[in-house]
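A.B. asks: I'll drop the sequence and a predicted model, then ask my questions.
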Amino acid sequence: MANDIQEQVVEKLKNSQHFALQFDEFTDVSDCAQFEVFVRFEANDSIMEEILFCKALPANTSGQCLHDMFLESTCDYDIDWKKCIAICSDGAKAMTGKNSGLIAKLKSIMPNVSWTHCFLHRQALASKVVHSDLNDVLKEVIKIVNSIKGKALQTRLFRIVCKYIGSLHQNLLYYTEVRGLSKEKVLTRVLELRAELLMFLQDAKSEYANRFSDPIWLLNEISIFGRFYYPP
């Protein structure tokens, strides 16, 4: 079934006049580097987006390794790469390096391509610049989450509190700086569970218990959340 779907995508790609690619290199939960390529093209009078391939990188993640993986993974597709008019990726050197980056190397087979910096990556970079007061709140949120998520017993007890109250969620989320959407997801979850966190931290006599009854602190947390969506 996977091979059949792949053949259909490649066939539609061949019949499209133009198409665009999106590259993403990331590390999964097992610390394995993955190279994922999405393709966007016109088919059946609409714009379609599909995964072209996702492959594990055996060694490092340099531009040369990404280039070799791309050619190896697409060598049997017989695609006219001159039809590729756009590539979207993050701003990592392995992707955008002037001489050794993946996109620079691909221009030999994609002469008409233009590069666009992924807007999610740009927002993540812009949202890193946070006022000192807001940054202190973010650090406290991370400490609160880690104090619960970092201990198996505390995690189980917090889950019991959430079950007892009938909460929408029963777990907090770790903050990962390298993940573009991590800040938004962590803050959203903490705000949604603020009543449960207040009860849990008060029972544990935590120094952070009064944070969730402090309107100024909560407003600052909401401000950080807003900066992710509307960075300066």
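C.D. replies: Sure, I can see it. Numbering: from 1, shown residues only.
A.B. asks: which strands and helices sit next to whichever strand or helix holds residue 51?
C.D. replies: Element membership of residue 51, judged by DSSP states H and E, is strand 46-56. Judged by 3 or more C-beta pairs under 8 Å, 6 or more residues apart in numbering; DSSP states H and E, the packing partners of strand 46-56 are helix 2-15, strand 33-43, helix 63-74. No exception for glycine: its C-beta is placed from N, CA and C like everyone else's.
A.B. asks: now the helices for this protein?
C.D. replies: Here the chain has its helices, by DSSP state H, at 2-15, 63-74, 93-96, 102-106, 119-126, 132-149, 152-165, 182-192, 194-203, 215-229.
A.B. asks: residues in contact with the second one?
C.D. replies: Judged by C-beta atoms under 8 Å, 6 or more residues apart in numbering, the contacts made with helix 63-74 from elsewhere in the structure are 23, 25, 35, 37, 52-53, 55, 57, 59, 93-95, 97, 100-102, 104-106.
A.B. asks: circling back to that earlier point, now the helices and strands packed on strand 46-56 as a markdown table including distance to residue 202, mean pLDDT and mean neighbour count?
C.D. replies: Shown next, in a markdown table, are the helices and strands packed on strand 46-56 (distance: least, C-beta to C-beta, whole Å; pLDDT from 0 to 100; neighbours: other C-beta atoms under 10 Å):
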| stretch | distance to residue 202 | mean pLDDT | mean neighbour count |
| --- | --- | --- | --- |
| helix 2-15 | 51 | 86 | 13 |
| strand 33-43 | 42 | 91 | 18 |
| helix 63-74 | 50 | 92 | 17 |
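A.B. asks: sorry, back to before: report the buried members of the contacts of helix 63-74.
C.D. replies: Burial by neighbour count, 16 or more other C-beta atoms under 10 Å: within those this picks out 23, 25, 35, 37, 52-53, 57, 94-95, 101-102, 104-106.
A.B. asks: from the residues you listed, which single one is nearest residue 3?
C.D. replies: Nearest to residue 3 out of these is residue 53 (C-beta to C-beta; 12.2 Å).
A.B. asks: distance of that closest one from residue 70?
C.D. replies: For residue 53, the distance to residue 70 equals 9 Å [C-beta to C-beta, to the nearest Å].
A.B. asks: what touches both of the two?
C.D. replies: Common contacts of residue 53 and residue 70 (C-beta under 8 Å, 6+ apart): residue 37.
A.B. asks: wait, isn't residue 208 in contact with residue 145?
C.D. replies: No. Taking C-beta atoms under 8 Å as the definition, residue 208 is not a contact partner of residue 145, at 10.5 Å.
A.B. asks: neighbour count for those two, which is higher?
C.D. replies: For the pair residue 208 and residue 145, the greater number of neighbours falls to residue 145 (19 against 16), based on other C-beta atoms under 10 Å.
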